[in-house]
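Novice: Starting from these lines, generate the structure:
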Amino acid sequence: MSTILHEDVGSGILRRMKEGGFDFASVHPIEFYAIFPDRARALKATHNFRGESLHAQVTERDEGDWYLQVSKVMHVTPAGIGDFSQDLESVVIPLGGELDGWGVTQQLSRASRQD
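Specialist: Have a look, this model is predicted:
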């Protein structure tokens with residue numbers, strides 16, 4: 001699975017980010033998302049994602065299920081995103097959850113905002 005995910009991440013999203021001027025040289029907080037049917041399982045998953053460069057939080061969604069958001073500060077690379085997604089999946093799936101993607105905020109420079 002990891003190889004496929006690395007290709008998916010690298011093939012389109014990261015290319016568009018590069019075209020948009022994303023700063024790949026710096027580290028960024030990358031948000032990874034998962035959905036759980038109940039709060040208890042979502043909270044249980046958070047225990048696996050704590051540390052200096054990690055932050056996990058659980059919130060209720062309008063649909064009645066629960067959202068796990070794990071933020072990891074790292075360089076944006078296909079391998080890094082793929083590896084962490086695989087780690088997240090290995091915790092989420094056994095708890096009855098499902099992965100729901102990832103995202104990173106791109107800071108716009110002052111010059112690009114004026115265009």
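Novice: And for residue 48, nearest residue in space, chain neighbours not counted?
Specialist: Nearest residue to residue 48 in three dimensions, chain neighbours excluded: residue 91, at 4.7 Å (CB to CB, 6 or more residues apart in numbering). Where you see a C-beta, it was placed from the backbone N, CA and C, and this is true even at glycine.
Novice: What does the one you found show for phi and psi?
Specialist: phi -90, psi -40 (degrees, to the nearest 10).
Novice: Assess the claim that it and residue 47 are in contact.
Specialist: No. Contact between residue 91 and residue 47 fails when scored by CB atoms under 8 Å: they sit 9.0 Å apart.
Novice: what about the residue nearest to residue 48, neighbour count?
Specialist: Residue 91 has 18 neighbours, counted by other CB atoms under 10 Å.
Novice: check contacts around it.
Specialist: 45, 48-49 (CB atoms under 8 Å, 6 or more residues apart in numbering).
Novice: Also residue 39?
Specialist: Residue 39 neighbours (CB under 8 Å, 6+ apart): 58, 60, 66.
Novice: which strand residues sit across from the last one in the sheet?
Specialist: Spelled out, that is residue 66. With DSSP bridges as the criterion, residue 66 is bridged to residue 36, residue 60.
Novice: State the pLDDT value of it.
Specialist: Note for residue 66: predicted pLDDT of 97.
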